[in-house]
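S.K.: After the sequence you'll find the predicted model.
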Amino acid sequence: MAAAASTHSLSFAPRPLYSPAPPKPVNTLTLSLPRTQNPSGRSTSAPRALFASQLPRRSFRAAQKVAEPDPKAVNGDEENQITEDKSDNKVDKKDTPAMKMLIQAYKKAILDGDEKSVCEMEAALCAAENEKNDLSVKLTEITAEIASGKDRLLRLKADFENLRKQSEKYRLNFTSDIQEEVVQSLLPMVDSFENAKLLIKPETDKEKKIDTSYQGIYKQFVEIMRSLCVSVVETVGKPFDPAIHEAVAREESQQFKAGIVSQEIRRGFFLGDRLLRPAQVKVSTGSGVVKADSATEDSIEQPEEAADPAEDSTPTSSNS
């Protein structure tokens with residue numbers, strides 16, 4: 001049995017040289033079956049010649065071996081052995097159950113020498129290989145499209161966020177500009193209220209009632225201005241700031257030092273952090289500067305006064 005198993009091998013006949021005149025030769029598959037003994041004691045052999053299919057054969061993971069010590073060994077040339085092609089696309093480690101069944105049926109058909117089944121199996125395997133290659137190409141394309149789609153999505157998100165910020169900034173600026181225009185149109189009314197408050201001096205009860213009503217209206221107007229985030233520029237007692245103050249005069253002051261605002265001529269206003277109108281003020285020059293100037297003026301005038309009596313004495317002496 002060992003000798004018989006060792007002679008059981010699968011080999012392919014070498015391909016003839018290519019010649020353009022005669023038709024293409026057909027590859028033959030010679031299958032040598034082991035010699036077995038029938039009940040009468042005679043050994044018989046059943047050699048068969050199989051015609052190989054003209055379809056290209058796909059590579060397999062392992063070789064088929066038919067020897068008794070290792071039934072998965074297959075003998076033959078290196079070109080015709082069934083091995084995995086390393087240059088092909090990588091196949092998953094776990095084949096699908098349908099593919100395993102197809103490979104097992106293909107092995108069985110080769111061992112049984114079923115030419116028709118072998119051709120059908122080879123055609124099915126080639127179709128599966130082509131389908132797998134097509135699916136691999138489609139998978140690569142879909143993966144590239146997904147990556148490109150993700151990149152476009154991130155760009156669109158960034159553009160949308162920038163647009164949202166710009167729209168919000170534009171809206172705030174537009175609202176602030178409208179408020180600024182409205183408040184600036186109301187500032188002359190504030191000046192009129194302030195001037196009227198300084199000029200009106202109620203004496204009778206009727207005049208006091210009118211003044212009270214007037215002050216109530218002005219107070220309500222001030223509350224509306226505060227609701228619009230309008231605030232007053234601080235002036236008296238604060239250092240002069242050319243960014244928010246407009247100096248209209250400089251005056252001597254016994255109360256404030258030099259460079260301090262001593263009097264407010266017209267109020268200034270803020271709208272939030274923006275300056276609507278600078279305040280018109282008078283700035284103190286201090287008390288020492290004016291006194292020093294007056295002392296120098298007195299010293300200059302004294303010689304002139306001394307010269308006048310001398311001139312008067314000259315004509316009197318001549319008359320005498």
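M.R.: Sure thing, it's come through.

S.K.: if you skip the residues just before and after it, what's nearest to A249?
M.R.: Take A249 and drop its neighbours on the chain: the residue closest to it by C-beta to C-beta, 6 or more residues apart in numbering is K282, 4.7 Å away. Where you see a C-beta, it was placed from the backbone N, CA and C, and this is true even at glycine.

S.K.: The host helix or strand of the one you found pairs with which strands?
M.R.: K282 is located in strand 279-284, with elements delineated by DSSP states H and E. Strand pairing for strand 279-284, using DSSP bridges, gives strand 245-251 (parallel), strand 261-266 (antiparallel).

S.K.: which stretches of the chain aren't confidently modelled?
M.R.: Scanning the chain with the threshold set as pLDDT under 70 gives 1-96, 288-320.

S.K.: Show me where it has its helices.
M.R.: 2-7, 97-112, 115-199, 205-227, 288-319 (DSSP state H).

S.K.: Quick check: which of these is nearest to K238?
M.R.: Distance to K238, taken as C-beta to C-beta, is lowest for helix 115-199 among those, at 18.9 Å.

S.K.: Which residue ranges make up the domains of this structure?
M.R.: Domain assignment for the chain by automatic domain parsing gives 1-86, 229-298.

S.K.: Using CSV, write down the CA coordinates of stretch 275-282.
M.R.: Taking Å, rounded to 0.1, in the frame of the first residue of the first chain, the C-alpha atoms of stretch 275-282 are listed here in CSV:
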residue,chain,number,x,y,z
LEU,A,275,-17.8,107.8,22.6
LEU,A,276,-20.8,109.6,21.2
ARG,A,277,-19.7,113.1,22.1
PRO,A,278,-16.8,114.5,24.0
ALA,A,279,-17.6,116.8,27.0
GLN,A,280,-16.8,120.5,26.7
VAL,A,281,-14.9,121.6,29.8
LYS,A,282,-12.8,124.3,31.4
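
S.K.: So for it, what gets flagged as buried?
M.R.: L276, R277, P278, A279, Q280, V281, K282 (16 or more other C-beta atoms under 10 Å).

S.K.: Mind listing the residues bridging to the residue nearest to A249?
M.R.: Residues in beta-bridge contact with K282 (DSSP bridges): A249, Q263.

S.K.: Quickly note the distance from it to I178.
M.R.: 34 Å (C-beta to C-beta, to the nearest Å).

S.K.: Let me have the buried residues of stretch 275-282 in TSV, extended by distance to N173.
M.R.: Below are the buried residues of stretch 275-282 laid out as TSV (distance: C-beta to C-beta, whole Å):
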residue	distance to N173
L276	16
R277	20
P278	22
A279	25
Q280	28
V281	30
K282	36
